[in-house]
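what's the 3D shape of this:
(one chain, ligands or ions: 1)
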Amino acid sequence: ACCFSCCFRAMAEITKFFTFGLTPVHTPVKNNQENACNIQPMKKIVSIIGARPQFIKAAAVCRALKENMLHEVLVHTGQHFDQNMSQVFFEQMQIAPPDYNLGIHGLGHGAMTGRMLEAIEEVLMAEKPDVVLVYGDTNSTLAGALAAAKLLIPLAHVEAGLRSFNRLMPEEINRILTDRLSQWLFCPTITSMNNLKAEGFESFDCQMHLCGDVMYDASLLFAPMSRPPAGLETGGDFLLCTLHRAENTDNRERLASIIEAINQLSQNMQVVFPVHPRTARLLGRDGLPGLAPGVIRLQPVGYLESLWLLRHARMLATDSGGMQKEAYFFGLPCLTLRDETEWVELVDAGCNILCGAEKNRILQAYSHFIYQKPAFPPGLYGKGNAGQIIARHLYDS
Ligand code: UDP
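As a prediction, the model looks like this:
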C-alpha cells in the first residue's frame, strides 16, 4: 500500500528543488528495500578523513555507502597533503574529490586538533548530517569526534576498540576518546570487541558491531590492479621496510638502532624502503645514520604500488599499523618495529614478531623467519565485507 505522507514529503522536496533550483538538504530517493511507493529521505553522512591510511579505509566504505543509498559528504582535514601522501589515493582508488578541504597541517597536536575542531564544527553546522563517520586514531579522527559530540550529532567510529595500552602514543589517546563519544563502534577484530567490553561499553548507550577490517576489503578490491613502482628494478624476494611512527622517529636512539639493523640486513637480502616524509627529514642528518647503498630508497608510493610491493616481498619490517595486517593478507612474515601492537592476533598466530627498536632483536627475528615460515590462520579480519556491514547498520539505524 502507498504511504501517503511519505509521498507527500517527497513531492514537497521535488517541488522545492525545481522551484528554487537548490539541492534539497534531504534528497528524496526510492527505498529499494520495500515497495516502490515507500519513498524516504536519504540519510546524510559526513565522513572525516585526513591521513594516508584513512583514504585507504574510506575507499572501501565510500563505495558501500553509495551502494546502500546513503549520501556522503567528504571532509579532508588536510593533515596529509603531499601529492604522494594524499592526491594519489583519491586518483588510484577513485574516491570522489572531497567536498571540503580544510587545509590544516604542519602544526603541533594541540593546535592541529583545535583548528580542525573549529573548522569541522562549521562544516557540520552547515551540512546538518544524520551521522558523522570517523576512521582510526589520528588527530583528524579526534577532532571529528569532538565536533560531532558537541553538536549532538551521532558518531560512528570505524576501527573501534583497538588498544596498544600505551598512553604515550598520541594515537591511543585519540582512540580512547573517540570510542567513548561514539554511538556506533565498528570493531575489526574479536580482540577489539573484547577491549570495549572490558572497558564497560556494554552498559553505555552505544552499539558495538564486529564487522571485520575495511583494509581487508580494500586489499581485495585493489590487489588485482597492483603495479610496481616506476623504475624499481627487483627480482622480488626483498625485505620491504616502512617507518614513520613518532615513537621511533622522535627518539634518536631508537631510530639509529632500527636504521643500523636495516642496513645490516641489506647485506643479506635486498631491502626496498619507501620513506615517509617525516622519516626522510631525519635520515643521515645530525649524526643519525643514513641508508646503506644496498637499500633501495623510494619516495612514498601509491596504494597500488604498495600492494605490489607487499605481493612480491619476502618479509616486511614496519612500524605501520595497516601494513602489519596487509603483510598477513599477502602471507608475508612481519617484523614489527614497536614494543606493542594493536593487532595482537598476528603475534599470537606467530606470523608477526614484536622486535621493538633494538638492533639484535630485529636481526634475530629476521633469522627466525628465514628458517621457519609461519602459518597464517585464515579469517582474522573478517570476510572482506566490512564496508557493507557498516553501511547496512548506518542505513538501518
Ligand atoms: N602505504 C602506501 N604507500 C607507502 C607506504 C604505505 O600506500 O609508501 C599504505 C599501506 O599499504 C597501508 C597504509 O599506507 O595501506 C598504511 O598507512 P601508514 O603506515 O601511513 O599508517 P598506519 O597504518 O600506521 O596508521
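
what does this protein put close to the ligand?
Residues of the chain that fall close to the ligand, judged by CB under 6 Å from any ligand atom: 52-53, 56, 242, 244, 274, 300-303, 306, 320-323, 326. C-beta coordinates here come from the backbone N, C-alpha and C atoms, glycine included.

Would you point out the most distant pair within these?
Among these, the pair separated by the greatest distance (CB to CB) is Gly302 and Gly321, at 18.8 Å.

Now do the contacts for the closest residue to the ligand within the stretch 1-150 of the chain.
The ligand sits closest to Pro53 of the stretch 1-150 of the chain, with a gap of 3.8 Å, by CB to the nearest ligand atom. By CB atoms under 8 Å, 6 or more residues apart in numbering, the contact list for Pro53 reads 135-136, 215, 320-322.

out of the residues you listed, which are inside strands?
Applying DSSP state E to the contacts of Pro53, the entries found in strands are Tyr135.

Name the member of the contacts of Pro53 with the most neighbours.
When neighbours are counted by other CB atoms under 10 Å, Tyr135 leads the contacts of Pro53 with 27 neighbours.

That one bridge partners, please.
On the basis of DSSP bridges, Tyr135 is bridged to Val158.

And the strand or helix carrying Val132, what does it pack against?
Using DSSP states H and E, Val132 sits in strand 131-135. Packing contacts for strand 131-135, counted by 3 or more CB pairs under 8 Å, 6 or more residues apart in numbering; DSSP states H and E, involve strand 44-49, helix 52-67, helix 139-150, strand 155-158.

how about stretch 235-244: buried residues?
The neighbour-count check on stretch 235-244 (16 or more other CB atoms under 10 Å) flags 238-244 as buried.

Would you mind checking the average pLDDT for it?
Averaged across stretch 235-244, pLDDT comes to 94.

Could you work out the end-to-end span of it for me?
26 Å (CA to CA, to the nearest Å).

which residues sit against it?
249, 255, 258, 262, 265-266, 269-276, 278-279, 295-296, 309-310, 312-320, 323, 332, 337, 366.

Just the buried ones from those?
Neighbour-count burial (16+ other CB under 10 Å) applied to the contacts of stretch 235-244 gives 249, 255, 258, 262, 265-266, 270-276, 279, 295-296, 309-310, 312-313, 315-320, 323, 332, 337, 366.

neighbouring contacts of the strand holding Val132?
43-49, 53-54, 57-58, 61, 124, 140-141, 144-145, 147-148, 153-159, 178, 184, 214, 394, 397.

For the buried ones among these, write the corresponding ChimeraX selection.
Only the buried members of the contacts of strand 131-135 enter the following ChimeraX selection, criterion being 16+ other CB under 10 Å:
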select :43,44,45,46,47,48,49,53,54,57,58,61,124,140,141,144,145,147,148,153,154,155,156,157,158,159,178,184,214,394
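
Model confidence score at Gln264, please.
98.

Report the secondary structure state of Ala365.
Assigned with DSSP: H, G, I helix; E, B strand; the rest coil, Ala365 falls in the helix class.

ok, for it, nearest residue in space, not its chain neighbours?
Ile353 (4.1 Å; CB to CB, 6 or more residues apart in numbering).

Name all residues that make contact with His76.
Listed by CB under 8 Å, 6+ apart, the contact partners of His76 are 49-50, 86, 98, 100-102.

please redo it, this time with the cut-off set to 6 Å
49, 98, 101 (CB atoms under 6 Å, 6 or more residues apart in numbering).

My guess is the first one contacts Ala58. True?
Read that as Ile49. Yes. In this structure, Ile49 is within contact of Ala58 by CB atoms under 6 Å, at 5.0 Å.

On the strand side of things, show who Leu354 bridges to.
Using DSSP bridges, the bridge partners assigned to Leu354 are Thr336.
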